[in-house]
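Trainee: Predicted structure and sequence below. I'll ask about it afterward.
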Amino acid sequence: MSDTHHTAMHSHAVLDLIARADRAISNEDFSSLLTFYAEDATLVLTGSLTVRGRHAIAEAFVAVARHFNHSLQVTQGPMKVIEGAGTALVLA
């Protein structure tokens, strides 16, 4: 199989983007965070709750921050990047 596999131990552009997005969430810098999302992006909050579009995503992150009393600090465990055909899947 020709897919490339990486773990968090190795640098990968996608992992760097995830780290930047995590920092933006932790810092409640939602304007910077929204640059990671396409205008018509969908954010999956839970298995049955999704929001679509930058405006709805921004509102969702504000609600999440409020839910956690503005103390949310986002971290990631080990991640694995699987690449193929110009697409990256990140397993965490």
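Mentor: Done, it's in.
Trainee: Assess the claim that G77 and A92 are in contact.
Mentor: Yes: applying C-beta atoms under 8 Å, one finds G77 in contact with A92, separated by 6.1 Å. For every residue, glycine as well, the C-beta is placed using N, CA and C.
Trainee: Who has more neighbours out of these two?
Mentor: A92 (11 against 6; other C-beta atoms under 10 Å).
Trainee: Give me the secondary structure label for the closest residue to H70 other than its chain neighbours.
Mentor: Counting by C-beta to C-beta, 6 or more residues apart in numbering, H70 lies nearest to E28, which is 6.7 Å off, once chain neighbours are set aside. Counting by DSSP: H, G, I helix; E, B strand; the rest coil, the backbone at E28 sits in coil.
Trainee: Hmm, F68 and E28 touching each other?
Mentor: No: with contact defined as C-beta under 8 Å, E28 does not reach F68; the gap is 10.4 Å.
Trainee: okay, those two: which has more neighbours?
Mentor: Counted by other C-beta under 10 Å, E28 and F68 do not tie: E28 has more neighbours, with 13 against 10.
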